[in-house]
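Student: here you go, sequence then predicted model.
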Amino acid sequence: MSQDNNNIYVGLDLGTTKVCIVVARKNADRSIDILGIGSVPSKGVRKGVVVNIEETVACIQKAKEEAERMSGMEIKSVTAGLASGHIKSFNTRGTIAVKSREVTQQDVDRVIESASAYNMQLGEEILDVIPQQYILDGQTEIKYPVGMSGVRLEVDVHIVTGQVSSATNIVKCCEKAGLVVDDIILEQFASAKAVLSEDEMEIGVCLIDGGGGTCDMAVYKQGAVYHTAILQIGGNHFTKDLSIGLSTPESEAERLKIKHGCVWMPLVSDDEMVNVTTVGGRPPRKISKPVLTQILQARGEEIFQMFKGELQKHKLLELMGAGIVVTGGLSNFEGIEELATSVFNTPVRVGRPINIGGLTDLVSDPRYATAVGLAIYATRKGKAGAKLSRGSEDKVFGSIFQRMKGWLKEFF
């Protein structure tokens, strides 16, 4: 396993239904190859939050072993994803006077700090501050103002806040599994790096990432994040709907969802029948597929209507020049594009990982978009996951969150 791993990067997706590790290599021409993947059923994580550390650690170790076996690499550190209902986001603006009439990097840092002034609740911290555009003396849509002349500098930013405890528990689980966490980012940002093109993010696009416990949304315009949102609804709710609606155990409902899942009634016919296992020792029975589809479509439509309301509330629907991209396990439903198109009345496509080489057939499933995106993010930040040795705990935590201004250090 031991070899030159200077260009090896690793992403860790801790989901409600699966724990997935993806190993990627950055080539000399800056292209990215997928070398291996490890994916196991998740235990100990609910709706993006660690609820049982020991079970989560065991899942991470199993996924790590699978990924190491496939890639031939010894994994020592990862870039992890963060997704939870405690995450909040909003847009705001900061303003300063330019000291020397020519914008310097210090001015840029000051205006971002000005925009970041926010009264947080107990236990809440700023996770990320993402500049959208700079405005210099009224001139808008400036991407990088350093060196330009002016007296009044403004910045529009997207601020993401959350509870520190969720991130600390992810780090603890990784440490117990023998891994160093190089960085933590929001999972919808990671998914975007895997499935969206630069043109889509420039024109305006909404990414919906549907997982087992939550559904995440990220809106991009002019290459920057304009809005994020998280719903506490995911694939498990589809399973529970089927379980209740068909009077069948959840294990059987999950099987039906995976094998016969469709969310668009026009795609099924009345003569299609499905065998369903019932509870209480009763014999199996047959139901028509439209009955199953009607249950799933109702839940899918609810999710899309809630996201549509979020877009309308913030007047973002008209910015979606490139339409909607649906990824994650949600996008594997038959008819998902048709259903989303009917709700949003805009072009929709399924988002699969793009611009990668290597074992593409293994990660082409949208369920792996987040893990692939985390590995891609690591390649761009230079976070090599298969070469770093573990240091002291203080040093590890200091390096992880340097980008987050060290907001975790006080907890260790």
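Tutor: Perfect, I can see it now. Numbering: from 1, shown residues only.
Student: Ile159 against Ile87, yeah?
Tutor: No: the pair Ile159 and Ile87 does not pass the contact test of Cβ atoms under 8 Å, sitting 11.2 Å apart. In short, each C-beta sits where N, CA and C put it, glycine included.
Student: okay, these two: which has more neighbours?
Tutor: In terms of neighbours (other Cβ atoms under 10 Å), Ile87 is the more surrounded of Ile159 and Ile87; the figures are 22 against 18.
Student: which one is Arg152 nearest to, not counting chain neighbours?
Tutor: Asp137 (5.5 Å; Cβ to Cβ, 6 or more residues apart in numbering).
Student: and Ile303, what does it touch?
Tutor: For Ile303, the contacting residues are 210, 215, 231, 233, 330, by Cβ atoms under 8 Å, 6 or more residues apart in numbering.
Student: swap in Val263?
Tutor: 293, 296-297, 300-301, 333-336, 339.
Student: so of these, which ones are in helices?
Tutor: Within the contacts of Val263, residues falling in helices by DSSP state H are 293, 296-297, 300-301, 336, 339.
Student: make TSV from those residues and add pLDDT, distance to Val103 and neighbour count to it.
Tutor: Formatted as TSV, those follow (pLDDT from 0 to 100; distance: Cβ to Cβ, whole Å; neighbours: other Cβ atoms under 10 Å):
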residue	pLDDT	distance to Val103	neighbour count
Thr293	97	57	24
Leu296	97	53	27
Gln297	97	52	20
Gly300	97	47	24
Glu301	97	48	16
Ile336	98	45	24
Leu339	98	47	24
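Student: on that earlier part again, farthest-apart pair in the contacts of Val263, please.
Tutor: In terms of Cβ to Cβ, these reach their longest pairwise distance at Glu301 and Glu334, which sit 14.8 Å apart.
Student: which neighbours do Ile159 and Ile87 have in common?
Tutor: With contacts taken as Cβ under 8 Å, 6+ apart, not a single residue reaches both Ile159 and Ile87.
Student: Gly234 contacts Gly213, doesn't it?
Tutor: Yes: here Gly234 lies in contact with Gly213, judged by Cβ under 8 Å, at a distance of 4.5 Å.
Student: now do Thr346, the pLDDT please.
Tutor: Taken from the predicted model, the pLDDT recorded for Thr346 is 94.
Student: oh, I was asking about Ile184
Tutor: As summarised for this prediction, Ile184 has a pLDDT of 86.
Student: doesn't it belong to a strand?
Tutor: Yes: going by DSSP: H, G, I helix; E, B strand; the rest coil, the assignment for Ile184 places it inside a strand.
Student: joint contacts of Gly234 and Gly213?
Tutor: With contacts taken as Cβ under 8 Å, 6+ apart, Gly234 and Gly213 have 16, 47 as neighbours in common.
Student: could you pull out the strands in the stretch 201-350 of the chain for me?
Tutor: 205-210, 215-221, 224-231, 273-276, 285-288, 324-328, 348-350 (DSSP state E, counting those that start in this stretch).
Student: what's the closest of those strands to Val108?
Tutor: strand 224-231 (14.8 Å).
Student: partner strands of the closest one, with direction?
Tutor: Pairing partners of strand 224-231, with direction, according to DSSP bridges: strand 215-221 (antiparallel).
Student: which stretches of the stretch 301-412 of the chain have low pLDDT?
Tutor: Counting by pLDDT under 70, the stretch 301-412 of the chain contains low-confidence residues at 382-412.
Student: okay, now the domains of this protein?
Tutor: Domain assignment for the chain by automatic domain parsing gives 8-84+164-195+354-411, 88-163, 198-353.
Student: ranking those domains by burial, who's on top?
Tutor: Each of the domains of the chain was assessed for mean neighbour count using mean count of other Cβ atoms under 10 Å. The highest is domain 8-84+164-195+354-411, with a mean of 21.
Student: now the strands of the stretch 201-350 of the chain as CSV including distance to Lys315?
Tutor: Converted to CSV, the strands of the stretch 201-350 of the chain look like this (distance: least, Cβ to Cβ, whole Å):
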stretch, distance to Lys315
strand 205-210, 13
strand 215-221, 11
strand 224-231, 10
strand 273-276, 43
strand 285-288, 42
strand 324-328, 16
strand 348-350, 20
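Student: and the ones you listed: which comes nearest Lys62?
Tutor: Shortest distance between Lys62 and the strands of the stretch 201-350 of the chain, using Cβ to Cβ, is found for strand 324-328: 21.5 Å.
Student: would you mind getting the angle between that closest one and strand 205-210?
Tutor: Using axes from the mean of the first three to the mean of the last three Cα atoms, to 10 degrees, the direction of strand 324-328 lies 30 degrees away from that of strand 205-210.
Student: could I get the CA-only coordinates of strand 324-328 as PDB?
Tutor: Listed next in PDB are the C-alpha coordinates belonging to strand 324-328 (Å, rounded to 0.1, in the frame of the first residue of the first chain):
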ATOM      1  CA  ILE A 324     -32.500  22.800 -12.000                       C
ATOM      2  CA  VAL A 325     -30.000  20.000 -11.400                       C
ATOM      3  CA  VAL A 326     -31.100  17.100  -9.200                       C
ATOM      4  CA  THR A 327     -28.500  14.800  -7.700                       C
ATOM      5  CA  GLY A 328     -28.000  12.400  -4.800                       C
END
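Student: and the contacts of it?
Tutor: Residues external to strand 324-328 that are found in contact with it (Cβ under 8 Å, 6+ apart): 191, 194-196, 200, 205-211, 215, 336-337, 340, 344, 346-352, 366-367, 369-370.
Student: so the closest residue to Glu124 other than its chain neighbours, which of the three states?
Tutor: Once flanking residues are discounted, Glu124 sits nearest to Thr161: 5.5 Å by Cβ to Cβ, 6+ apart. With three-state DSSP as the basis, the three-state label of Thr161 is strand.
Student: how about Ile376, what does it touch?
Tutor: Residues touching Ile376, when contacts are defined by Cβ under 8 Å, 6+ apart, comprise 11, 24, 32, 190, 193-194, 356.
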